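Engineer: the sequence isn't on hand, but the structure is:
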């Protein structure tokens with residue numbers, strides 16, 4: 001028996017950051033050194049990101065100042081506690097909005113959900129987001145709950161593996177997977193190249209998937225994991241005094257390019273296919289260079305990564321939720337019955353997670369992504385407004 005992603009829902013915050021405007025904000029910081037003044041415009045302009053979303057209204061220079069920006073346009077650096085307070089206030093609305101979207105699209109009822117798996121690496125709170133989803137959607141209180149924390153950008157794959165295992169072992173299971181990341185909570189002005197790259201690509205958002213044993217959707221055929229030990233120090237995610245700290249060296253795209261063919265080989269050989277035989281790839285857009293290296297290493301045409309590049313352009317890197325955004329884009333673009341898809345994501349370790357999926361039923365778009373995002377934006381607005389005063393208190 002196999003498991004199938006029946007539907008994918010998404011949610012984004014109300015505030016949209018245009019890349020040129022946020023580039024200018026970071027480039028104008030008075031404490032930037034010579035290196036930072038050179039790297040900030042270069043990183044932002046080379047990112048292939050046009051716009052992304054944030055829970056931090058004050059990162060939009062046209063909005064009121066707050067905990068992260070003063071009245072003069074200077075970026076503040078709140079404590080980790082202050083940043084996590086904002087996560088506690090604003091993350092639940094994104095988790096719930098994406099979950100509700102997925103449940104509605106799948107045509108299941110909240111009362112039928114038997115398992116909830118939540119994912120996040122950008123904040124901590126307990127009771128956690130798994131309970132928020134259960135409470136707000138009216139899911140039975142007896143539901144199995146699991147939270148995957150701090151695994152980074154590849155964490156949707158372990159969540160989907162857990163969901164598939166439940167669906168395969170219990171045919172009546174209805175599993176809800178929800179990934180939500182508030183990456184921009186951890187931005188700060190810096191001369192550090194890794195932080196500058198993070199500032200240029202990361203956005204906020206949530207994505208959810210409903211997984212069952214039967215039904216039309218994207219069948220989860222197989223998974224594969226590859227760890228690249230020499231990349232352990234090149235990508236990392238640590239907790240500092242002024243937010244979570246990203247290590248994302250320039251060696252990462254090269255390591256991905258050197259490893260990706262090996263990572264997907266078991267998935268392709270199992271069905272006697274070559275990479276070029278798979279027309280659609282859902283590759284986590286950790287950055288433009290990662291997509292470029294993956295495309296070259298696998299010899300893929302431009303069309304194969306069109307969904308990944310569209311998500312990078314419109315949302316940036318939303319950490320664990322991103323690959324579900326890409327799969328949602330694949331569904332919105334339309335995919336024929338029986339068509340194969342390979343999905344990939346990259347995380348600390350350096351870890352390459354991969355999955356082979358097959359479209360079951362002719363899947364054609366019904367609701368445009370941007371229109372569906374609007375209710376989710378509205379859902380986060382009230383929570384954001386409620387949080388601003390609390391998050392600002394005590395910050396100079």
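Structural biologist: That came through fine. The shown structure was predicted, so the numbers you read here are calculated from the model rather than taken from an experiment.

Engineer: pLDDT weak spots in this structure?
Structural biologist: Counting by pLDDT under 70, the ranges of the chain that qualify are 1, 362-396.

Engineer: how is it partitioned into domains?
Structural biologist: By the assignment in automatic domain parsing, the chain contains the domains 3-215+369-392, 218-360.

Engineer: other SSEs contacting the longest helix along the chain?
Structural biologist: The residue-count maximum for a helix in the chain (DSSP state H) belongs to helix 80-106. If contacts are counted by 3 or more C-beta pairs under 8 Å, 6 or more residues apart in numbering; DSSP states H and E, helix 80-106 sits against strand 3-11, helix 129-137, strand 174-182, strand 204-212, strand 243-248, helix 369-392. For every residue, glycine as well, the C-beta is placed using N, CA and C.

Engineer: can you mark which positions in the second one are buried?
Structural biologist: So the one you mean is helix 129-137. For helix 129-137, burial by neighbour count (16 or more other C-beta atoms under 10 Å) applies to 129-134, 136-137.

Engineer: residue 269: which of these is nearest?
Structural biologist: For the buried residues of helix 129-137, the closest approach to residue 269 (C-beta to C-beta) belongs to residue 130, at 36.6 Å.

Engineer: separation between that closest one and residue 140?
Structural biologist: Here the distance between residue 130 and residue 140 works out to 13 Å (C-beta to C-beta, to the nearest Å).

Engineer: ditto for residue 108
Structural biologist: Relative to residue 140, residue 108 is positioned 13 Å away (criterion: C-beta to C-beta).

Engineer: more neighbours, these two?
Structural biologist: Set side by side, residue 108 and residue 140 show unequal neighbour counts under other C-beta atoms under 10 Å, the larger going to residue 108 at 18 against 11.

Engineer: you'd agree that one is up against residue 174?
Structural biologist: Yes - applying C-beta atoms under 8 Å, one finds residue 108 in contact with residue 174, separated by 5.6 Å.

Engineer: between the two, what contacts are shared?
Structural biologist: When contacts are counted by C-beta atoms under 8 Å, 6 or more residues apart in numbering, residue 108 and residue 174 have 210, 212 as shared neighbours.

Engineer: what about the closest residue to residue 198 other than its chain neighbours, neighbour count?
Structural biologist: The shortest distance from residue 198 to any non-neighbouring residue, by C-beta to C-beta, 6 or more residues apart in numbering, is to residue 246 (4.3 Å). Residue 246 is surrounded by 22 other residues when neighbours are defined as other C-beta under 10 Å.

Engineer: is residue 246 in a bridge, and if so with what?
Structural biologist: On the basis of DSSP bridges, residue 246 is bridged to residue 237.

Engineer: where along this structure do the helices fall?
Structural biologist: Secondary structure of the chain, counting by DSSP H: helices at 19-27, 34-46, 80-106, 129-137, 156-169, 193-201, 252-269, 288-298, 306-315, 322-333, 369-392.

Engineer: kindly reformat these as JSON lines containing distance to residue 66.
Structural biologist: Supplementary listing: the helices of the chain in JSON lines, determined by distance: least, C-beta to C-beta, whole Å:
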{"stretch": "helix 19-27", "distance to residue 66": "13"}
{"stretch": "helix 34-46", "distance to residue 66": "21"}
{"stretch": "helix 80-106", "distance to residue 66": "10"}
{"stretch": "helix 129-137", "distance to residue 66": "23"}
{"stretch": "helix 156-169", "distance to residue 66": "30"}
{"stretch": "helix 193-201", "distance to residue 66": "17"}
{"stretch": "helix 252-269", "distance to residue 66": "32"}
{"stretch": "helix 288-298", "distance to residue 66": "30"}
{"stretch": "helix 306-315", "distance to residue 66": "23"}
{"stretch": "helix 322-333", "distance to residue 66": "26"}
{"stretch": "helix 369-392", "distance to residue 66": "5"}
